[in-house]
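1. sharing a sequence plus its predicted fold:
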Amino acid sequence: MIRARRARIVATLGPASRNRIAELARAGADVFRVNFSHGAHADHARTIQLVREAEAEVGRPLAVLADLQGPKLRLGKFADGVIRLKAGQDLRLDLSTAPGDASRIGLPHPEIFAALRSGATVLMDDGKVRLRVTRHGPDFAETIVEAGDQLSDNKGVNLPGLAIPIPALTEKDRKDLAFALDQGVDWVALSFVQRASDMAELRRLVNGRAAVLAKIEKPAALEVLDEILDLCEAIMVARGDLGVELNTEDVPVVQKQLIRAARLRGIPVIVATQMLESMIHAPTPTRAEASDVAGAVYEGADAVMLSAESAVGDYPLEAVSIMDRIITRVEHDPRWPELMRAEYPVDDHDADALVAAARRAAEAASTACLAAFTTTGQTALRLARERPLQPTLALTPLLATARKLALAWGVESAVIPELFDPEDLARVAVEQAVRKDLAPPGDRVVILAGLPMGSPGAANILRLAHTPRR
């Protein structure tokens, strides 16, 4: 089942959607996110199995993205479950586990107090409450309430502008990761990434069993972005926490910077959080939300993501369908190629030069598609980096590679027997292009491959072939 669009859709699974996965795939979902912040391992195992069953039903590779929870910095409990606050009042934070009240709050995270400084801002409940630190020590902080009038138990805490000395992988994450890898997930997303060592630790634990993705949701990550990009195979622009810790006006600028950085590296980038948020309870999105999705597509993002909209919303299927329609409409805009390629990457390697040549060869009017023979997926990803307007058909002997590429811009995958004879390249590429309805009779297929056959490495062969005329 081939899509008539290039940007991909990531749909989060949950109670509203886990029994409708094939429907969501037919509506346009390519990657299914399993959120390990919620649910038991038995539930996740069943969900992943349902994705595999849906994959067989729809007849194209579908990817599973395991999203690790990461450390959660949360308040303690209150004696009455909720407290009322007034701007200008004093409020003490400390390590005590005693129930809090309007004068003091338990904050059971010594690492927060270690990171604080006088004048620092403390945000609670996604920024609804803002405190300013006036005095602090290793186990307490005196603050003044600057905004917000209510807090309830266990709300989240953010410290904008401060790097918190806490690892991105908790003990829970390590157990969840081991389980997810045993289940054969295709991608693993790491939350709370602040430094390159966070991704290095994840890569060590994954050890090649899945592709790794960094969620960019902490401003500290922006300061070492190049080092983080060196260690990941995709990134997610996680605008929820970014929007809490950055100024509102900075978020769209950072989103654009992150998309450009990922495109220059040739790794997929997902734009996430609140894309069609109103569809949690409404059958259609707001016009602003539709423009938000369209903006990410115009910027050249590989994928856009649904979170609560598809996991717990009232209209999961409609959310995927509408996102599919928005993407398709944008990609039919005559100005879309110009805008999407506005920050075109520079070719600085021999392998990329050959890939760029393939993209230029494909611009001829008679070219139907590009075919990339690949073992690891890198040749197809390099083609995706070039953003060719013709679809890219990734031909691989590995189902795991085909699933991984479900996240890549414009790439359709097919699993084929392993080839060893270069003379088979044109025949197999043309057969698969015709079988997938990507090339009508008499059209040209641009082929990229590498020698020796069957060995991972850079593409070093560029060929042209034609489908047989009827």
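-> That came through, no problem.
2. off-centre distance for stretch 450-469?
-> Relative to the centre of its chain, stretch 450-469 is centred 30 Å away, using Cα atoms, centre = their mean, to the nearest Å.
3. which positions in that stretch come out as buried?
-> The neighbour-count check on stretch 450-469 (16 or more other Cβ atoms under 10 Å) flags 450, 453, 459, 463, 465-467 as buried. Every C-beta, even on glycine, is put in place using the N, C-alpha and C of the backbone.
4. confidence-wise, which of these comes last?
-> Least confident of the buried residues of stretch 450-469 in the model: Met453, at 71.
5. show me the shaky parts of the stretch 351-470 of the chain.
-> Low-confidence segments of the stretch 351-470 of the chain (pLDDT under 70): 351, 454, 457.
6. need the helices for it, in chain order.
-> For the stretch 351-470 of the chain, applying DSSP state H, counting those that start in this stretch gives helices covering 378-386, 399-404, 424-435.
7. any idea which helix or strand in the protein has the lowest mean pLDDT?
-> Ranked by mean pLDDT, DSSP states H and E, the weakest helix or strand in the chain is helix 350-362, scoring a mean of 81.
8. which residues are contacting it?
-> 266, 347, 367, 369-370, 379, 382-383, 385-390, 446, 448, 458-460, 462, 464 (Cβ atoms under 8 Å, 6 or more residues apart in numbering).
9. which ones among the buried residues of stretch 450-469 lie within strands?
-> 463, 465-466 (DSSP state E).
10. tabulate those (CSV), appending distance to Ile164.
-> Formatted as CSV, these follow (distance: Cβ to Cβ, whole Å):
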residue, distance to Ile164
Arg463, 53
Ala465, 55
His466, 59
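11. quick revisit: buried sites along the least confident helix or strand of the chain?
-> Judged by neighbour count using 16+ other Cβ under 10 Å, the buried positions of helix 350-362 are 351-352, 354-356, 358-359, 361-362.
12. now stretch 419-434
-> Under the neighbour-count rule (16+ other Cβ under 10 Å), stretch 419-434 has 419, 424-426, 428-434 buried.
13. gap between it and the chain center?
-> Between the centre of stretch 419-434 and the centre of its chain there are 32 Å (Cα atoms, centre = their mean).
14. and for stretch 120-139?
-> How far stretch 120-139 lies from its chain's middle: 30 Å, per Cα atoms, centre = their mean.
15. tell me the one among the buried residues of stretch 419-434 nearest to Val193.
-> Gln432 (37.4 Å; Cβ to Cβ).
16. right, and that closest one touches Ala394 too?
-> No - contact status for Gln432 versus Ala394: not in contact, 9.9 Å apart, counting by Cβ atoms under 8 Å.
17. checking Met323 next. Helix, strand or coil?
-> Following DSSP: H, G, I helix; E, B strand; the rest coil, the label given to Met323 is helix.
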